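In: Give the three-dimensional model of this entry:
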Amino acid sequence: MTVISRRTILGGSAAAALSLSAAPHLSAYPRAPQAKAVLAPTPPMGWNSWNAWRHWVDDARIRSAAEALVKTGLAARGYSYVNIDSCWQGERGGKHGAIQPNRK
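Out: I've put the predicted structure just below:
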């Protein structure tokens, strides 16, 4: 059995105590490699069609939005997504009352 414990003493009294133990059978499983946490230079940034066009989305409008990101310099500053939101959601229904696609 593996036991990890720690006790922090502040001014003669225990401020926090932590004790963890792992059962021996758990250590037999291989662990997945841990990825090193790396922060992105910017959050994912983009533009969403819903606020401008709602359900009036077509190829020409999406292409013009992408071109505008390039022409205005936003693409060079990290805006790399054009999110297409075209009113896909319909009424709730089905066996579980889940969101259904619209009639389009």
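
In: gap between the closest residue in space to Gly78 that isn't next to it in sequence and Ala35?
Out: Closest residue in space to Gly78, ignoring its immediate chain neighbours: Thr42 at 4.1 Å, by Cβ to Cβ, 6 or more residues apart in numbering. (Each C-beta comes from the backbone N, C-alpha and C, glycine too.) Computed with Cβ to Cβ, to the nearest Å, the distance linking Thr42 and Ala35 is 20 Å.

In: try Ile84
Out: Ile84 sits 30 Å away from Ala35, going by Cβ to Cβ.

In: So which residues of the chain form strands?
Out: Per DSSP state E, the chain carries strands over the ranges 2-10, 13-22, 45-48, 79-83, 89-93, 98-101.

In: Buried residues of stretch 82-98, list them for me.
Out: For stretch 82-98, the neighbour count (16 or more other Cβ atoms under 10 Å) marks Val82, Ser86 as buried.

In: Renumber starting at 268 from here on
Out: Will do, 268 is the new start, and the previous item becomes stretch 349-365.

In: Give me the pLDDT value at the nearest residue to Gln356 once chain neighbours are set aside.
Out: The shortest distance from Gln356 to any residue other than its chain neighbours is 5.6 Å, reached at Ile366 (Cβ to Cβ, 6+ apart). Per-residue pLDDT puts Ile366 at 84.

In: same thing with Ser288?
Out: Note on Ser288: pLDDT of 48.

In: re earlier: compare Thr309 and Ala302 (neighbour count), which wins?
Out: Thr309 (10 against 6; other Cβ atoms under 10 Å).

In: if I look at Thr309, how far off is Lys338?
Out: In terms of Cβ to Cβ, Thr309 sits 20 Å off from Lys338.
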